[in-house]
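Colleague: Need a 3D model of the sequence below.
(one chain, ligands or ions: 1)
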Amino acid sequence: MRIPQFGLGTFRLKDQAVIDSVKTALEVGYRAIDTAQVYENEAAVGQAIAESGVARQDLFLTTKIWVDNFAEDKFISSLKDSLQKLRTDTVDLTLIHWPAPALGVSIPSVMQLLLEAKQQGLTKKIGISNFNIALTQQAIDSIGVEHIATNQIELSPYLQNRTLVNFLREQNIDVTSYMTLAYGKVLQDPTLVEIAAQHQATTAQVALAWALQNGFAVIPSSTKRENLISNLKAQDLTLSAEEMQLIAQLERNGREVSPEPFAPEWDK
Ligand SMILES: NC(=O)c1ccc[n+]([C@@H]2O[C@H](COP(=O)([O-])OP(=O)(O)OC[C@H]3O[C@@H](n4cnc5c(N)ncnc54)[C@H](OP(=O)(O)O)[C@@H]3O)[C@@H](O)[C@H]2O)c1
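Modeller: So this is what the prediction gives:
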(Lines give C-alpha, C1' and ligand atoms only; values in the text may rest on other atoms or scores of the structure.)
Protein backbone atom coordinates (compact mmCIF):
# COMPACT_ATOMS: atom_id res chain seq x y z
CA MET A 1 0.00 0.00 0.00
CA ARG A 2 1.06 3.56 -0.60
CA ILE A 3 -0.38 4.73 2.68
CA PRO A 4 -0.14 3.31 6.23
CA GLN A 5 -2.66 0.58 7.00
CA PHE A 6 -3.47 1.85 10.47
CA GLY A 7 -3.98 5.43 11.58
CA LEU A 8 -5.83 7.56 14.11
CA GLY A 9 -9.00 9.46 13.22
CA THR A 10 -9.71 12.84 14.83
CA PHE A 11 -13.20 13.83 13.59
CA ARG A 12 -15.32 15.58 16.29
CA LEU A 13 -12.37 15.84 18.67
CA LYS A 14 -11.24 19.33 19.57
CA ASP A 15 -8.99 21.18 21.99
CA GLN A 16 -7.86 19.11 24.99
CA ALA A 17 -9.81 16.02 23.82
CA VAL A 18 -7.85 15.80 20.59
CA ILE A 19 -4.56 16.70 22.28
CA ASP A 20 -5.07 13.85 24.76
CA SER A 21 -6.18 11.38 22.09
CA VAL A 22 -3.25 12.13 19.77
CA LYS A 23 -0.64 12.13 22.55
CA THR A 24 -1.93 8.85 23.95
CA ALA A 25 -2.10 7.29 20.50
CA LEU A 26 1.48 8.29 19.71
CA GLU A 27 2.60 6.99 23.08
CA VAL A 28 1.03 3.56 22.47
CA GLY A 29 2.41 3.20 18.94
CA TYR A 30 0.22 4.96 16.34
CA ARG A 31 2.29 6.67 13.64
CA ALA A 32 -0.38 7.98 11.26
CA ILE A 33 -2.91 10.73 12.04
CA ASP A 34 -5.92 11.81 9.98
CA THR A 35 -7.22 15.37 10.36
CA ALA A 36 -9.03 17.87 8.13
CA GLN A 37 -9.47 21.62 7.84
CA VAL A 38 -13.16 21.37 8.74
CA TYR A 39 -12.43 19.45 11.98
CA GLU A 40 -10.99 22.72 13.35
CA ASN A 41 -8.41 20.74 15.27
CA GLU A 42 -5.28 21.03 13.12
CA ALA A 43 -3.59 23.44 15.56
CA ALA A 44 -4.36 21.15 18.51
CA VAL A 45 -3.09 18.13 16.54
CA GLY A 46 0.09 20.10 15.77
CA GLN A 47 0.48 20.93 19.45
CA ALA A 48 -0.01 17.31 20.49
CA ILE A 49 2.60 16.09 18.00
CA ALA A 50 5.08 18.72 19.17
CA GLU A 51 4.51 17.76 22.81
CA SER A 52 4.71 14.03 22.09
CA GLY A 53 8.39 14.11 21.22
CA VAL A 54 7.80 11.84 18.19
CA ALA A 55 9.92 13.08 15.30
CA ARG A 56 8.00 14.49 12.36
CA GLN A 57 9.73 12.15 9.89
CA ASP A 58 8.41 9.16 11.84
CA LEU A 59 4.80 10.28 11.34
CA PHE A 60 2.36 10.08 8.45
CA LEU A 61 0.10 13.12 8.57
CA THR A 62 -3.05 13.49 6.47
CA THR A 63 -5.25 16.55 6.07
CA LYS A 64 -8.17 17.35 3.80
CA ILE A 65 -9.11 20.51 1.94
CA TRP A 66 -12.61 21.72 2.79
CA VAL A 67 -15.09 22.72 0.05
CA ASP A 68 -14.95 26.42 1.05
CA ASN A 69 -11.30 26.46 -0.05
CA PHE A 70 -11.71 24.98 -3.53
CA ALA A 71 -11.47 28.37 -5.29
CA GLU A 72 -8.20 28.97 -7.15
CA ASP A 73 -7.25 31.90 -4.89
CA LYS A 74 -7.89 29.94 -1.67
CA PHE A 75 -6.80 26.34 -2.26
CA ILE A 76 -2.99 26.55 -1.89
CA SER A 77 -3.09 29.25 0.78
CA SER A 78 -5.53 27.19 2.86
CA LEU A 79 -3.13 24.24 2.73
CA LYS A 80 -0.28 26.53 3.81
CA ASP A 81 -2.46 27.59 6.77
CA SER A 82 -3.00 23.92 7.61
CA LEU A 83 0.76 23.29 7.52
CA GLN A 84 1.35 26.20 9.86
CA LYS A 85 -1.26 24.91 12.31
CA LEU A 86 0.19 21.40 12.11
CA ARG A 87 3.69 22.88 12.63
CA THR A 88 5.17 21.24 9.56
CA ASP A 89 6.54 22.20 6.12
CA THR A 90 4.72 19.41 4.34
CA VAL A 91 2.03 16.83 5.07
CA ASP A 92 2.27 13.25 3.85
CA LEU A 93 -1.16 13.16 2.25
CA THR A 94 -3.70 15.79 1.26
CA LEU A 95 -7.21 14.81 0.18
CA ILE A 96 -10.08 16.61 -1.49
CA HIS A 97 -12.52 16.17 1.42
CA TRP A 98 -15.73 15.99 -0.64
CA PRO A 99 -16.23 16.33 -4.36
CA ALA A 100 -18.59 19.28 -4.75
CA PRO A 101 -19.99 19.45 -8.25
CA ALA A 102 -23.30 20.49 -6.67
CA LEU A 103 -21.52 23.65 -5.47
CA GLY A 104 -20.34 24.37 -9.01
CA VAL A 105 -16.78 23.14 -8.45
CA SER A 106 -15.29 21.22 -11.36
CA ILE A 107 -13.30 18.07 -10.53
CA PRO A 108 -10.52 18.87 -13.05
CA SER A 109 -9.96 22.31 -11.47
CA VAL A 110 -9.62 21.01 -7.87
CA MET A 111 -7.48 18.08 -8.98
CA GLN A 112 -5.12 20.44 -10.84
CA LEU A 113 -4.82 22.62 -7.73
CA LEU A 114 -4.12 19.53 -5.62
CA LEU A 115 -1.43 18.40 -8.07
CA GLU A 116 0.09 21.88 -7.95
CA ALA A 117 0.25 21.64 -4.13
CA LYS A 118 2.17 18.37 -4.52
CA GLN A 119 4.51 19.90 -7.09
CA GLN A 120 5.17 22.79 -4.69
CA GLY A 121 6.19 20.25 -2.03
CA LEU A 122 3.34 21.14 0.35
CA THR A 123 2.23 17.50 0.42
CA LYS A 124 4.06 14.30 -0.47
CA LYS A 125 1.00 12.41 -1.72
CA ILE A 126 -2.44 13.44 -2.83
CA GLY A 127 -5.78 11.70 -2.99
CA ILE A 128 -9.55 11.96 -2.87
CA SER A 129 -12.29 11.31 -0.36
CA ASN A 130 -15.97 10.52 -0.82
CA PHE A 131 -15.61 10.13 -4.60
CA ASN A 132 -17.94 7.58 -6.24
CA ILE A 133 -16.91 5.76 -9.45
CA ALA A 134 -17.95 8.49 -11.89
CA LEU A 135 -16.19 11.20 -9.86
CA THR A 136 -13.09 9.04 -9.32
CA GLN A 137 -12.94 8.50 -13.07
CA GLN A 138 -13.06 12.27 -13.56
CA ALA A 139 -10.22 12.69 -11.07
CA ILE A 140 -8.17 10.05 -12.90
CA ASP A 141 -8.86 11.71 -16.25
CA SER A 142 -7.81 15.07 -14.79
CA ILE A 143 -4.37 14.27 -13.37
CA GLY A 144 -3.59 10.59 -14.02
CA VAL A 145 -4.20 7.62 -11.76
CA GLU A 146 -0.54 7.47 -10.69
CA HIS A 147 -1.03 10.61 -8.58
CA ILE A 148 -4.06 9.33 -6.67
CA ALA A 149 -2.80 7.51 -3.58
CA THR A 150 -6.17 6.71 -2.01
CA ASN A 151 -9.90 7.26 -1.96
CA GLN A 152 -11.04 7.63 1.67
CA ILE A 153 -14.65 6.46 1.85
CA GLU A 154 -17.29 5.46 4.36
CA LEU A 155 -16.90 1.70 4.71
CA SER A 156 -17.99 -0.53 7.58
CA PRO A 157 -19.50 -4.01 7.92
CA TYR A 158 -22.88 -2.26 7.49
CA LEU A 159 -21.87 -0.26 4.38
CA GLN A 160 -19.33 -2.27 2.41
CA ASN A 161 -19.31 -0.10 -0.74
CA ARG A 162 -18.35 -3.17 -2.82
CA THR A 163 -18.95 -1.78 -6.32
CA LEU A 164 -16.69 1.20 -5.65
CA VAL A 165 -14.08 -0.95 -3.88
CA ASN A 166 -13.88 -3.28 -6.89
CA PHE A 167 -13.36 -0.31 -9.19
CA LEU A 168 -10.63 1.17 -6.95
CA ARG A 169 -8.86 -2.20 -6.82
CA GLU A 170 -8.89 -2.39 -10.63
CA GLN A 171 -7.40 1.09 -10.74
CA ASN A 172 -4.80 0.21 -8.09
CA ILE A 173 -5.97 3.06 -5.83
CA ASP A 174 -5.70 2.28 -2.10
CA VAL A 175 -8.99 2.19 -0.21
CA THR A 176 -9.16 3.93 3.16
CA SER A 177 -12.16 2.90 5.26
CA TYR A 178 -13.52 5.69 7.44
CA MET A 179 -16.02 5.00 10.21
CA THR A 180 -15.08 1.31 10.09
CA LEU A 181 -16.96 1.02 13.39
CA ALA A 182 -19.91 3.03 11.99
CA TYR A 183 -19.26 5.39 14.90
CA GLY A 184 -19.87 2.53 17.31
CA LYS A 185 -23.04 1.14 15.67
CA VAL A 186 -21.48 -2.18 14.61
CA LEU A 187 -20.13 -2.91 18.08
CA GLN A 188 -23.31 -4.63 19.33
CA ASP A 189 -23.75 -6.70 16.18
CA PRO A 190 -24.47 -10.33 17.21
CA THR A 191 -22.30 -11.84 14.44
CA LEU A 192 -19.33 -9.64 15.34
CA VAL A 193 -19.89 -10.29 19.06
CA GLU A 194 -19.87 -14.05 18.40
CA ILE A 195 -16.70 -13.94 16.27
CA ALA A 196 -15.03 -11.74 18.89
CA ALA A 197 -15.84 -14.28 21.61
CA GLN A 198 -14.24 -17.08 19.53
CA HIS A 199 -11.00 -15.10 19.36
CA GLN A 200 -11.15 -13.53 22.83
CA ALA A 201 -11.07 -10.24 21.00
CA THR A 202 -13.23 -7.10 21.10
CA THR A 203 -15.94 -6.47 18.49
CA ALA A 204 -14.04 -3.35 17.39
CA GLN A 205 -10.97 -5.51 16.73
CA VAL A 206 -13.07 -7.89 14.61
CA ALA A 207 -14.49 -5.05 12.48
CA LEU A 208 -11.03 -3.53 12.05
CA ALA A 209 -9.38 -6.90 11.26
CA TRP A 210 -12.09 -7.56 8.66
CA ALA A 211 -11.26 -4.24 6.97
CA LEU A 212 -7.49 -4.82 7.16
CA GLN A 213 -7.84 -8.33 5.74
CA ASN A 214 -9.79 -6.85 2.83
CA GLY A 215 -6.78 -4.63 2.17
CA PHE A 216 -8.32 -1.37 3.42
CA ALA A 217 -6.45 1.19 5.49
CA VAL A 218 -8.32 2.12 8.71
CA ILE A 219 -8.36 5.27 10.87
CA PRO A 220 -10.55 4.58 13.93
CA SER A 221 -10.80 7.34 16.52
CA SER A 222 -11.01 7.00 20.26
CA THR A 223 -10.78 9.17 23.34
CA LYS A 224 -9.95 6.18 25.57
CA ARG A 225 -6.51 4.77 26.15
CA GLU A 226 -7.71 1.16 26.40
CA ASN A 227 -9.62 1.44 23.11
CA LEU A 228 -6.66 3.07 21.35
CA ILE A 229 -4.42 0.20 22.50
CA SER A 230 -6.84 -2.63 21.72
CA ASN A 231 -7.85 -1.20 18.32
CA LEU A 232 -4.20 -1.11 17.24
CA LYS A 233 -3.92 -4.80 18.18
CA ALA A 234 -6.54 -5.64 15.54
CA GLN A 235 -3.50 -5.97 13.28
CA ASP A 236 -2.60 -9.20 15.12
CA LEU A 237 -6.02 -10.79 14.66
CA THR A 238 -6.57 -13.17 11.73
CA LEU A 239 -10.13 -14.06 10.76
CA SER A 240 -10.95 -17.28 8.92
CA ALA A 241 -12.41 -17.26 5.39
CA GLU A 242 -15.69 -18.39 6.91
CA GLU A 243 -15.71 -15.50 9.42
CA MET A 244 -14.89 -13.03 6.63
CA GLN A 245 -17.86 -14.44 4.69
CA LEU A 246 -20.19 -14.06 7.68
CA ILE A 247 -19.19 -10.40 8.01
CA ALA A 248 -19.65 -9.88 4.25
CA GLN A 249 -23.30 -10.81 4.82
CA LEU A 250 -23.83 -7.92 7.27
CA GLU A 251 -24.15 -5.36 4.45
CA ARG A 252 -27.31 -3.23 4.91
CA ASN A 253 -26.58 0.04 3.12
CA GLY A 254 -25.95 1.57 6.54
CA ARG A 255 -24.73 4.97 5.48
CA GLU A 256 -23.92 7.35 8.35
CA VAL A 257 -22.47 10.38 6.54
CA SER A 258 -24.26 12.30 3.79
CA PRO A 259 -23.77 16.07 4.01
CA GLU A 260 -26.17 18.17 1.92
CA PRO A 261 -25.97 19.38 -0.78
CA PHE A 262 -22.78 17.79 -2.03
CA ALA A 263 -22.64 14.15 -0.86
CA PRO A 264 -22.60 11.91 -3.95
CA GLU A 265 -24.64 8.71 -4.17
CA TRP A 266 -22.60 5.58 -3.52
CA ASP A 267 -22.50 3.13 -6.44
CA LYS A 268 -25.04 0.30 -6.30
N1 LIG B 1 -13.30 11.67 4.80
C2 LIG B 1 -14.43 11.88 5.46
O3 LIG B 1 -15.38 12.51 4.96
C4 LIG B 1 -14.56 11.34 6.85
C5 LIG B 1 -15.85 11.26 7.44
C6 LIG B 1 -15.94 10.73 8.72
C7 LIG B 1 -14.81 10.30 9.38
N8 LIG B 1 -13.56 10.41 8.79
C9 LIG B 1 -12.32 10.00 9.48
O10 LIG B 1 -12.49 8.67 9.95
C11 LIG B 1 -12.23 8.63 11.35
C12 LIG B 1 -13.03 7.52 11.99
O13 LIG B 1 -14.41 7.82 12.00
P14 LIG B 1 -15.20 8.22 13.34
O15 LIG B 1 -14.22 8.76 14.31
O16 LIG B 1 -16.30 9.12 12.92
O17 LIG B 1 -15.87 6.89 13.77
P18 LIG B 1 -15.35 5.41 14.16
O19 LIG B 1 -13.87 5.35 14.17
O20 LIG B 1 -16.17 4.47 13.34
O21 LIG B 1 -15.91 5.29 15.64
C22 LIG B 1 -15.42 6.09 16.66
C23 LIG B 1 -16.33 5.84 17.85
O24 LIG B 1 -16.19 4.50 18.27
C25 LIG B 1 -15.81 4.46 19.63
N26 LIG B 1 -14.79 3.41 19.77
C27 LIG B 1 -13.57 3.38 19.18
N28 LIG B 1 -12.90 2.26 19.54
C29 LIG B 1 -13.74 1.57 20.36
C30 LIG B 1 -13.63 0.37 21.06
N31 LIG B 1 -12.53 -0.38 20.97
N32 LIG B 1 -14.66 -0.03 21.83
C33 LIG B 1 -15.78 0.71 21.93
N34 LIG B 1 -15.95 1.89 21.29
C35 LIG B 1 -14.93 2.32 20.51
C36 LIG B 1 -15.27 5.81 19.99
O37 LIG B 1 -15.62 6.10 21.32
P38 LIG B 1 -14.50 6.28 22.49
O39 LIG B 1 -13.91 7.62 22.27
O40 LIG B 1 -15.33 6.16 23.70
O41 LIG B 1 -13.50 5.16 22.33
C42 LIG B 1 -16.03 6.72 19.03
O43 LIG B 1 -17.25 7.11 19.60
C44 LIG B 1 -12.61 10.05 11.80
O45 LIG B 1 -12.11 10.33 13.09
C46 LIG B 1 -12.01 10.87 10.69
O47 LIG B 1 -10.62 11.04 10.88
C48 LIG B 1 -13.46 10.91 7.52
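Colleague: and the stretch 1-150 of the chain, which of its residues are near the ligand?
Modeller: 9-11, 34, 97, 129-130 (Cβ under 6 Å from any ligand atom). The way it works is simple: take the backbone N, C-alpha and C, and place the C-beta from them, glycine included.
Colleague: Need the pLDDT of the closest residue to Glu251 other than its chain neighbours.
Modeller: Nearest residue to Glu251 in three dimensions, chain neighbours excluded: Gln160, at 4.8 Å (Cβ to Cβ, 6 or more residues apart in numbering). Reported pLDDT at Gln160 in the predicted model: 98.
Colleague: What's the separation between Gln160 and Ile133?
Modeller: Taking Cβ to Cβ, to the nearest Å as the measure, Gln160 falls 15 Å from Ile133.
Colleague: higher neighbour count, those two?
Modeller: Gln160 (22 against 17; other Cβ atoms under 10 Å).
Colleague: okay but Glu154 is in contact with Arg255, surely?
Modeller: Yes: between Glu154 and Arg255 there is a contact at 6.4 Å, judged by Cβ atoms under 8 Å.
Colleague: Mind checking which of these two has more residues around it?
Modeller: Glu154 (21 against 16).
Colleague: So what pairs up with the more buried one in the strands?
Modeller: Tyr178 (DSSP bridges).
Colleague: any idea how far it lies from the ligand?
Modeller: 7 Å (Cβ to the nearest ligand atom, to the nearest Å).
Colleague: Would you map the helices across the stretch 1-150 of the chain?
Modeller: Using DSSP state H, counting those that start in this stretch, the helices of the stretch 1-150 of the chain run over 15-28, 42-52, 75-86, 107-119, 133-143.
Colleague: Throw those helices into JSON lines and include mean pLDDT, thanks.
Modeller: Formatted as JSON lines, the helices of the stretch 1-150 of the chain follow (pLDDT from 0 to 100):
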{"stretch": "helix 15-28", "mean pLDDT": "98"}
{"stretch": "helix 42-52", "mean pLDDT": "98"}
{"stretch": "helix 75-86", "mean pLDDT": "98"}
{"stretch": "helix 107-119", "mean pLDDT": "98"}
{"stretch": "helix 133-143", "mean pLDDT": "98"}
